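Q: One predicted model, sequence on top.
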Amino acid sequence: MGKDTGFMEYSRETAEYRPIEERVRDYREVVSRFPEDKLQVQGARCMDCGIPFCHTGCPLGNIIPDWNDLVYRGRWKEAIDRLHLTNNFPEFTGRICPAPCEKACVLAINEPAVSIKQIEVGIVEHAFDAGWIVPDPPEERTGKTVAVVGSGPAGLAAADQLNKAGHTVTLFERADRIGGLLMYGIPNFKLDKAIVQRRLDVMEAEGVVFKTEHWIGKNYPTEKLKEFDAVVLTVGATKGRDLPIPGRELEGIHFAMDFLPQQNKRNLGDTIPEDLSITAEGKRVIVLGGGDTGSDCIGTSIRQGALSVTNFELFPRPPEDRTPEMPWPYYPMIYKVESSHEEGVERDWAVSTKEFLGSNGRVEAIRAIRLKWEYDESGRMAMKEVEGSEFELKIDLVLLALGFLGPETDGMIEDLGLELDERGNVKADENYRTSVEGIYAAGDMRRGQSLVVWAIAEGREAAKAVDEYLMKETVLPSLDTRNLSLGVRR
């Protein structure tokens, strides 16, 4: 490493959030730009580890110590080249990934981890500013055609890799814009849509064909997929988990993914019809679910002018630090405070919602009960309602952020006759092959609801498998960090 003693000399530092009173008045990204001279200092904190566990923490296998060192030395062009070897979209992961690499950092055993995520986004932004990330279409085409269905992070990664291998790739998206959850799921204050579009423009210039408003199995015949030499399905896990309790039929109760895309559309200049518009303005909002989607609903509700925002989580409040059940280097389920949580929300833990109450067809309150979590005879944590702890809370808008159950199976999946696994996901083997010849699946629709970084990793690996299927060999890199170079067709 460039500075063997850097981890002893420098403290961890990362970008700050913009002031709360400023950021809640707009939808711009909450994180401020981090100075590059400070990034170089943070790169110096990376230790000369015997075994860099950050590799194992990262689903993409990013070669993190290499580009930390290159940043420290000011060799930014080499840093982006090394970063792009394993990650197609570091500008996305550098903003929205929860950084499992940092949790696995060797320094994190007893000190604050290296600021890996901050360095990652710094590298890619430096590269865009310098004009190094420009269209680079393949020199030759293979004559093979591939359809990728779904333009979220898995689909974009698969399309990008297959295009680099020389195949002609058509990417189908049911929405009116490319990007999947990157465009319509994640709020602008976490990921500005200009950042997404910037990368899409590069991919389109490199030859990837984008087809929006093509909902396979709905307004576009599934049969047409047979015109392609191979198909990669990456439609995500879009079936939201519902809460079928008394009063669910009342108006004012919505899935998070019906609520969040509307604000992204408004930010992009679209108009939402009044009879379809869901807004928190002037309302008492309850967000059910304490994950990332829940925090996105919180931040969006606050910016829309909610009267109040409350967040219920079924599970107990996590511990502040690792416990013996969460040893390093595994990702710890500890208490987290996202930017939205700082902006004005009442968080409540170990609460179960029992009933929605209302009149004239609209929700006006919820009835809930407190829970106690204890280990049962099998050694598993089980919840028990606390007798006499029921309470009611007046609300006007309920947002369900309870996770996702898998892909929507009516339409394309049913038409193709694909097998599902025991969890309702599309069944695919270790090479991402489904039960139908020539059709592959990757991302959340295969593995279940997960992280953007896992979706990119799966898209890359599925692309490698498809390339090998079509050409009987592959020039695409593997997650095995010993085989990362993009090869040349013989």
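A: Sure thing, it's come through.
Q: and residue 16, what does it touch?
A: Residues near residue 16 by CB atoms under 8 Å, 6 or more residues apart in numbering: 31, 32. For every residue, glycine as well, the C-beta is placed using N, CA and C.
Q: Is residue 163 in contact with residue 206, as I believe?
A: Yes. With contact defined as CB atoms under 8 Å, residue 163 reaches residue 206; the gap is 5.9 Å.
Q: Comparing those two, which residue is more hemmed in?
A: residue 163 (23 against 17; other CB atoms under 10 Å).
Q: Just confirm residue 119 is within a helix.
A: Yes. Under DSSP: H, G, I helix; E, B strand; the rest coil, residue 119 sits within a helix.
Q: Measure how buried residue 258 is and give me the count.
A: Neighbour tally, residue 258, other CB under 10 Å: 13.
Q: what does the model give the nearest residue to it once chain neighbours are set aside for pLDDT?
A: Among residues not flanking residue 258 along the chain, residue 278 sits closest, at 6.3 Å (CB to CB, 6 or more residues apart in numbering). pLDDT for residue 278: 98.
Q: Next, the contact list for residue 278, please.
A: Neighbours of residue 278 in contact, by CB under 8 Å, 6+ apart: 254, 258, 259, 262, 397.
Q: Would you list the buried entries among those?
A: Applying 16 or more other CB atoms under 10 Å to these, the neighbour count classes 254, 259, 262, 397 as buried.
Q: Distance check, the third one against residue 215.
A: To residue 215, residue 262 is 19 Å away according to CB to CB, to the nearest Å.
Q: quick revisit: mutual contacts of residue 163 and residue 206, please.
A: 137, 138.
Q: What pLDDT is listed against residue 482?
A: Per-residue pLDDT puts residue 482 at 45.
Q: no no, residue 486
A: At residue 486, pLDDT is 57.
Q: And the strands in the stretch 1-150 of the chain?
A: Assigned strands in the stretch 1-150 of the chain, in chain order: 145-149 (criterion: DSSP state E, counting those that start in this stretch).
Q: picking up where we left off before, closest one to residue 359 out of the buried ones among the contacts of residue 278, please.
A: Closest to residue 359 out of the buried ones among the contacts of residue 278 is residue 397 (15.6 Å), distances taken as CB to CB.
Q: That closest one contacts residue 286, correct?
A: Yes. Counting by CB under 8 Å, residue 397 does reach residue 286; the two are 7.3 Å apart.
Q: Touching, residue 210 and residue 176? I think so.
A: No. The pair residue 210 / residue 176 is not scored as a contact, 11.3 Å apart, by CB under 8 Å.
Q: and residue 214, what does it touch?
A: Residue 214 neighbours (CB under 8 Å, 6+ apart): 172, 173, 174, 220.
Q: do you know how far residue 256 is from residue 159?
A: 27 Å.
Q: These two: who's more crowded?
A: Applying other CB under 10 Å to residue 256 and residue 159 shows that residue 159 carries more neighbours, namely 31 against 24.
Q: Can you verify the more buried one is assigned to a helix?
A: Yes. According to three-state DSSP, residue 159 belongs to a helix.
Q: so how far is stretch 314-321 off the chain centroid?
A: 22 Å (CA atoms, centre = their mean, to the nearest Å).
Q: Which positions in that stretch come out as buried?
A: Buried, per 16+ other CB under 10 Å, within stretch 314-321: 314, 318.
Q: ok, now stretch 458-465?
A: Residues of stretch 458-465 classed as buried: 458, 459, 460, 461, 462, 463, 464, 465 (neighbour count, 16+ other CB under 10 Å).
Q: Could you do stretch 108-116 as well?
A: For stretch 108-116, burial by neighbour count (16+ other CB under 10 Å) applies to 108, 113, 114, 115, 116.
Q: So the first one sits against residue 327, correct?
A: Same thing as residue 108. No. Using CB under 8 Å as the test, residue 108 is too far from residue 327 to be in contact (11.9 Å).
Q: ok, back up a step: output the buried residues of stretch 108-116 in CSV, with distance to residue 351 appended to each entry.
A: Below are those laid out as CSV (distance: CB to CB, whole Å):
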residue, distance to residue 351
108, 32
113, 32
114, 37
115, 35
116, 35
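Q: Can you name the two of those that sit furthest apart?
A: Longest span within the buried residues of stretch 108-116, CB to CB: 108 and 115, 11.2 Å.
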